[in-house]
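Undergrad: Sequence first, predicted coordinates after that:
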Protein chains: 2
Amino acid sequence: MRDTVSRHPAPETRDRILDAAEALFVEHGFEATSMRMITGLAEANIAAVNYHFGTKDALIQEVFRRRLTDLNRQRLAALDIAEAEAAGAPLKPSRIVHAFFGTSLEMAADTANGGHTFMRLLGRTYTEPNGFVRQFLAEEYAEVVERFLAALYRALPDVPREEILWRFHFMMGAMSYAIAGTDALQLFAGSFDDADPERLMPRLMSFLLGGLRAPLPGTENGNDDGGLARRRQ
Amino acid sequence: MRDTVSRHPAPETRDRILDAAEALFVEHGFEATSMRMITGLAEANIAAVNYHFGTKDALIQEVFRRRLTDLNRQRLAALDIAEAEAAGAPLKPSRIVHAFFGTSLEMAADTANGGHTFMRLLGRTYTEPNGFVRQFLAEEYAEVVERFLAALYRALPDVPREEILWRFHFMMGAMSYAIAGTDALQLFAGSFDDADPERLMPRLMSFLLGGLRAPLPGTENGNDDGGLARRRQ
DNA sequence: GTATGATTAAAACAAGTGTTTGATTTAGGT
DNA sequence: ACCTAAATCAAACACTTGTTTTAATCATAC
């Protein structure tokens, strides 16, 4: 039967399909990746994917679920540790940012086990409109986002929550591009070689924190938006 | 003949196809959008797209070209003005950032003529691996990126060029998400209503400039990366 | 009005899509 | 040994894909 987990330790075909799908999705996108490409790379029969997952959409969902559950658990764990150390006091923004994006980049640094592949895929998917994938992401993210936003609200009590929300969103964008990384960078900088992932983490962190702690729009000091923020709130 | 511009002022069918394609691409992606969806929405015959553009790939390319040429011209014009005002002196980073991202957001603010639609599509495409589209983008962007990077290098002589390049990349990511905007934000913040595009510009500008001018990674003061940047360069 | 070239139209093309079927193999429990 | 359920397989399903073909229409110039 097609119910996912059986008594037996689950043969390897299922996992080979997931790995192949993940790799092909990030390279060609969901729609451009056919079942035959997947089963071909996984060296499985074409019917295997329907047998193990039911439909292509269910396969896509499972590709996300298996990694995202882990990732979000790590994120929450990192936040737990930080909050435990703070012993009730509001966290420093940098700790929060690091708990979230640090774990993300750690997974992205894992090129051997496909973590990097997956994070690229994830970054793209936020802005993609794959109806059911978005819905699924929203559910999978609900708790994590709630916890981290709450932490940021406490850490930055003077900043309007709306603003924090947007900046968190911007940070996600920067991270997404950071992970897409060199491939995308070469797009507008032909001669570019330094892709040292060791340096990516501090690079991104500096940028994110700089953005998060930037003076609020509408503030007159140091903002200098070129005269475009005439409208004050 | 299928040569693009004829003697006659070009009938409207061609443009209807481009508009329809643009709208559908941003909603479903390139591969998931079929010719029949396009010609259906454009109220044209299925053969019309091959007649006017040759192939689907050529159509995709033209969807980008017609807007990107304009956008990049505006970006360069904005930079020209800024440099003229500076009269040879290095520009302020904020002016450069504003010349680039301000024009981008202006196009994104145009919801009536499809500018918003296109900018969302563009933001996604940077990180997408559509072989020939990426190649095309690289060519189309070459001059603009060269000019803006050169301006930033002059404006921030103390910052390693490598670092500037990365931060420019991060800024592109933040902008991409900013434009993807509310749709993506609702993904992890269900109750969210403020999508006022008037406020987006100053919001993003503050964040971008904060990130661009953040202390360099490895710098000991104010960095606070949570202790992960042990490795010093 | 007729010739000319650009555009549109309907129909078909081969190839590829996700999914299903039914038979066959594999493995484990009693 | 037999039985049973899980897993794999080859083949076919109905349908959609991008593209091409051939004929019909349209507008304009002479």
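TA: Arrived safely, thanks for sending.
Undergrad: Run through chain A and note the low-pLDDT ranges.
TA: For chain A, the stretches flagged by pLDDT under 70 are A:1-11, A:129, A:182, A:186-195, A:219-233.
Undergrad: tell me the helices in it, going along the chain?
TA: Assigned by DSSP state H, the helices in chain A fall at A:12-28, A:35-42, A:46-53, A:56-86, A:93-97, A:103-109, A:115-127, A:131-155, A:161-188, A:197-212.
Undergrad: Include distance to B:Ile96 and mean neighbour count when you put those helices into CSV, please.
TA: Quick note: C-beta positions are derived from backbone N, CA and C, even for glycine. Shown next, in CSV, are the helices of chain A (distance: least, CB to CB, whole Å; neighbours: other CB atoms under 10 Å in any protein chain shown):
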stretch, distance to B:Ile96, mean neighbour count
helix A:12-28, 33, 19
helix A:35-42, 43, 17
helix A:46-53, 49, 17
helix A:56-86, 35, 17
helix A:93-97, 26, 23
helix A:103-109, 27, 21
helix A:115-127, 25, 22
helix A:131-155, 29, 16
helix A:161-188, 15, 22
helix A:197-212, 16, 23
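Undergrad: and those helices as CSV, adding distance to DNA strand C?
TA: What follows is those, written out as CSV (distance: least, CB to the nearest atom of the strand, whole Å):
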stretch, distance to DNA strand C
helix A:12-28, 10
helix A:35-42, 4
helix A:46-53, 4
helix A:56-86, 3
helix A:93-97, 38
helix A:103-109, 27
helix A:115-127, 16
helix A:131-155, 12
helix A:161-188, 23
helix A:197-212, 32
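Undergrad: CSV please, covering the ones you listed and showing distance to B:Ala138.
TA: Below are the helices of chain A laid out as CSV (distance: least, CB to CB, whole Å):
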stretch, distance to B:Ala138
helix A:12-28, 18
helix A:35-42, 26
helix A:46-53, 35
helix A:56-86, 29
helix A:93-97, 32
helix A:103-109, 23
helix A:115-127, 18
helix A:131-155, 28
helix A:161-188, 5
helix A:197-212, 22
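Undergrad: of all those, which lies closest to B:Phe136?
TA: B:Phe136 lies closest to helix A:161-188 among the helices of chain A, at 10.3 Å (CB to CB).
Undergrad: could you check the angle helix B:131-155 makes with the closest one?
TA: Interaxial angle, helix A:161-188 versus helix B:131-155 (axes from the mean of the first three to the mean of the last three CA atoms, to 10 degrees): 110 degrees.
Undergrad: Touching, A:Asn72 and A:Glu139? I think so.
TA: No: counting by CB atoms under 8 Å, A:Asn72 does not reach A:Glu139; the two are 11.1 Å apart.
Undergrad: hang on, the earlier thing: nearest to B:Ala109, of the helices of chain A?
TA: Ranking the helices of chain A by proximity to B:Ala109 (CB to CB) places helix A:161-188 first, at 15.8 Å.
Undergrad: Against which helices or strands is that closest one packed?
TA: helix A:103-109, helix A:115-127, helix A:131-155, helix A:197-212, helix B:115-127, helix B:131-155, helix B:161-185, helix B:197-212 (3 or more CB pairs under 8 Å, 6 or more residues apart in numbering or on different chains; DSSP states H and E).
Undergrad: what inclination does that helix have with respect to helix A:115-127?
TA: Using the same axes, to 10 degrees: helix A:161-188 against helix A:115-127 is 120 degrees.
Undergrad: Report the distance from helix A:161-188 to the chain centre.
TA: Between the centre of helix A:161-188 and the centre of its host chain there is 10 Å, according to CA atoms, centre = their mean, to the nearest Å.
Undergrad: can you check stretch A:99-113 too?
TA: Distance, stretch centre to chain centre, for stretch A:99-113: 9 Å (CA atoms, centre = their mean).
Undergrad: do it and chain B meet?
TA: Yes: using CB under 8 Å from any CB of the partner chain, stretch A:99-113 comes into contact with chain B via A:Gly102.
Undergrad: got the CA positions of that stretch in CSV?
TA: Coordinates of each C-alpha in stretch A:99-113 appear next as CSV, following Å, rounded to 0.1, in the frame of the first residue of the first chain:
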residue,chain,number,x,y,z
ALA,A,99,20.0,31.7,15.6
PHE,A,100,17.8,31.9,12.5
PHE,A,101,20.2,32.6,9.7
GLY,A,102,23.2,30.9,11.1
THR,A,103,21.4,27.6,11.2
SER,A,104,20.2,28.3,7.6
LEU,A,105,23.7,28.9,6.4
GLU,A,106,25.0,25.9,8.2
MET,A,107,22.7,23.8,6.2
ALA,A,108,23.6,25.6,3.1
ALA,A,109,27.2,24.9,3.8
ASP,A,110,26.6,21.2,3.7
THR,A,111,27.3,20.6,0.1
ALA,A,112,28.0,16.9,0.6
ASN,A,113,24.6,15.8,1.7
